[in-house]
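*Asks:* Here you go, sequence then predicted model.
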Amino acid sequence: MQPRESLTVVGTMTGTSMDGIDVDLMITDGDQQVNEVGHFSLSYTDNCKIILKAAEFAIRKRMGVMEAARAYYPQAIRDYLIREVNVSEMEVDSKLEELSAYLYGTESVHSAITLDDVIRHSTDLHAIAVKKLLEEMGYVASEIDVVGYHGQTMFHKPSIGKSVIVGDGQALADQLGITVVNDFRSNDVAAGGQGAPFAPLYHQALAKRDGKIPMAVVNCGGIANITLIKNENPLDLIAYDVGPGNGLIDKLVKQRTSNKENMDANGYYGLRGKVHEHLLDVLYEKSIIREGQSYFSMPPPKSLDIGDMQLIEELNPLSLEDACATLEAFTAYTIIKSLESLNVKLSRQWVLAGGGWNNPVIRRELDSRLKQLLNQQVDIRTADEMGWNSQGLEAQIFAYLAVRSLNNEPLSVPGTTRVPKPLSGGHAYVPTQQEPTQKVKKLLDVNPAVLSGYREETISKKEFVMA
């Protein structure tokens, strides 16, 4: 087998919380070589968050049908301001003018903000973030082979074949002068997969590099997901979205503080509250209902949309402190319950990734419940303690997957998304005015299908195990 060629890659990620963009520069061959070079985060302004969240609101209300969402968006942003941001009817026009000035500039006059312009703005911000990263790291665009561009998730419902992730790959490639790969999930969903989680192959690569197999990785963002790495064979991976990470907690804090706060920062409220253990089972039964049953009763692999999670009325009598403590315990509770139902031998090596573990209540609850489940010594470390850079980890995933896409290698396997067989994906965009780097040109010559985003052939089980 010929040695694999390493590429210099930038990965990007913006999560469902819509608080900013993470970009990461790395050297990777899409297999065992994974070396981070540097990281940069771009935080969104409050007005940016509003227009993005209003876009999500419109797309969800129209069940992922983009033409319908485009038509609804001018009204959706008004509805979002009144219903979700608690802007009064008298103040909403003034706020809309402020948002228009933010998006178009104070000298421009627009009758209404459009969904396409919000998507354009999101793409522009990704270009700014990548350029800032390269500037800080001392790189120029011609030294970068490819950008792995995840885009902004707006709606994810694989049961109806929909996963809406917005962002203009060609516009980003043209702005940067770098080949861009995006649209990582749609091939998986079209083949009957869940379209998530897409981190497991990268988790396995890190564990293999560090000599830490077997290992379990638990990511806690808006949604919590888990990767169980039993050995070096990707076909033995088990991964799934467990349930709420910070999603329900954030929703509660926004509701109780009339959107003055959007999270339980550092567990401020939860640390002062009491866990109502009897409500954990009620939450388990009622907080996520899919197709008439509790999501938690469904076997993995499975995936969630942030909009699937609902606060239950039984939380209403609780103080903010007690409700936060209970929901934070619930995040840990669902992880443990899912592990109990798997009936597999669990590793003693656990890595915690994602911002959710900055909440000490979630961390405390998982530590105690996991040790009780395993009834043995457990090595639980954060991604940072492993030397993985938790802040940049998800951006790194899509740098890694971009290289795999160019190589027509699987991004997902049956045990991670329920896709029928190991499957590649992604869509490459070459800058209009620049040639791709020689390394990328060589890969595109071998795998021209990536330029259309359509994969006629998928890699066989035998070929994948050998890759």
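*Replies:* Looks like it arrived, so ask away. Residues are numbered from 1 along each chain as shown.
*Asks:* Quick check: buried residues in stretch 80-89?
*Replies:* Tyr80, Leu81, Val85, Val87 (16 or more other Cβ atoms under 10 Å). (C-beta placed from N, C-alpha, C; glycine too.)
*Asks:* er, stretch 377-388 actually
*Replies:* Of the residues in stretch 377-388, those buried under the neighbour-count criterion (16+ other Cβ under 10 Å) are Val378, Ile380, Thr382, Ala383, Met386, Trp388.
*Asks:* Could I get the full set of helices for the stretch 1-150 of the chain?
*Replies:* 46-61, 66-83, 92-104, 115-137 (DSSP state H, counting those that start in this stretch).
*Asks:* Those helices: which one's closest to Arg363?
*Replies:* helix 46-61 (26.3 Å; Cβ to Cβ).
*Asks:* Figure out how far that closest one is from the centre of its chain.
*Replies:* Distance, stretch centre to chain centre, for helix 46-61: 17 Å (Cα atoms, centre = their mean, to the nearest Å).
*Asks:* report the angle between the axes of it and helix 66-83?
*Replies:* With axes from the mean of the first three to the mean of the last three Cα atoms, to 10 degrees as the basis, helix 46-61 and helix 66-83 are set at 120 degrees to each other.
*Asks:* which ones are touching Lys345?
*Replies:* The contact partners of Lys345, by Cβ atoms under 8 Å, 6 or more residues apart in numbering, come to Lys230.
*Asks:* Could you tell me whether it really is in a strand?
*Replies:* No - with DSSP: H, G, I helix; E, B strand; the rest coil as the criterion, Lys345 is coil rather than part of a strand.
*Asks:* okay, it: pLDDT?
*Replies:* Confidence at Lys345, expressed as pLDDT, is 90.
*Asks:* any idea which of the buried residues of stretch 377-388 is closest to Leu279?
*Replies:* So of the buried residues of stretch 377-388, ranked by how close each gets to Leu279 (Cβ to Cβ), first place is Ile380, at 25.5 Å.
*Asks:* Pairing partners for the closest one in the sheet, please.
*Replies:* Beta-bridge partners for Ile380, by DSSP bridges, are Trp350.
*Asks:* Going forward, count from 856.
*Replies:* Will do, 856 is the new start, and the previous item becomes Ile1235.
*Asks:* wait, doesn't it sit right on Leu1207?
*Replies:* Yes - using Cβ atoms under 8 Å, Ile1235 makes contact with Leu1207 at a distance of 6.7 Å.
*Asks:* Need the overlap of contacts for the two.
*Replies:* Leu1221.
*Asks:* What count of nearby residues applies to Ala1120?
*Replies:* Counted by other Cβ atoms under 10 Å, the residues lying close to Ala1120 total 11.
*Asks:* and it, how far is that from Asn1114?
*Replies:* 15 Å (Cβ to Cβ, to the nearest Å).
*Asks:* burial measure for Ile968, as a count.
*Replies:* Neighbours of Ile968 under the rule other Cβ under 10 Å: 22.
*Asks:* got the contact list for it?
*Replies:* By Cβ under 8 Å, 6+ apart, Ile968 lies in contact with Ile906, Tyr928, Pro929, Ile932, Leu951, Leu954, Ser955, Leu958, Tyr959.
*Asks:* For PyMOL, write a command that selects the buried ones of those.
*Replies:* Filtering the contacts of Ile968 down to the buried ones (16+ other Cβ under 10 Å) takes a single PyMOL command:
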select buried, resi 906+928+929+932+951+954+955+958
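*Asks:* Pick out the most distant pair among the contacts of Ile968.
*Replies:* Between any two of those, the greatest separation by Cβ to Cβ is 14.7 Å, found for Tyr928 and Tyr959.
*Asks:* Val1301: neighbour count?
*Replies:* Residues near Val1301, counting by other Cβ under 10 Å: 12.
*Asks:* Quick check: closest non-adjacent residue to it.
*Replies:* Sequence neighbours aside, Asn1263 is the residue nearest to Val1301 in space, at 7.8 Å (criterion: Cβ to Cβ, 6 or more residues apart in numbering).
*Asks:* for that neighbour, phi and psi?
*Replies:* Per-residue torsions, Asn1263: phi 60, psi 40 (degrees, to the nearest 10).
*Asks:* Please apply the same query to Asn1080.
*Replies:* phi -140, psi 160.
*Asks:* my guess is Pro1215 meets Tyr1123, correct?
*Replies:* No - look at Pro1215 against Tyr1123 with Cβ under 8 Å: they stay out of range, at 9.9 Å.
*Asks:* ok so, going back, quick one: the buried residues of stretch 1232-1243 as JSON lines, columns for distance to Ser1041 too.
*Replies:* Formatted as JSON lines, those follow (distance: Cβ to Cβ, whole Å):
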{"residue": "Val1233", "distance to Ser1041": "38"}
{"residue": "Ile1235", "distance to Ser1041": "35"}
{"residue": "Thr1237", "distance to Ser1041": "32"}
{"residue": "Ala1238", "distance to Ser1041": "28"}
{"residue": "Met1241", "distance to Ser1041": "31"}
{"residue": "Trp1243", "distance to Ser1041": "28"}
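*Asks:* give me the beta-bridge partners of the nearest residue to Ala984 once chain neighbours are set aside?
*Replies:* Leaving aside its chain neighbours, Ala984 sits nearest to Leu897 (4.1 Å; criterion: Cβ to Cβ, 6+ apart). Leu897 has these beta-bridge partners by DSSP bridges: Ile876.
*Asks:* Give me the neighbour count for Leu897.
*Replies:* Residues near Leu897, counting by other Cβ under 10 Å: 18.
*Asks:* Might one say that Pro1013 is in contact with Ser1158?
*Replies:* Yes - counting by Cβ under 8 Å, Ser1158 is a contact partner of Pro1013 at 6.3 Å.
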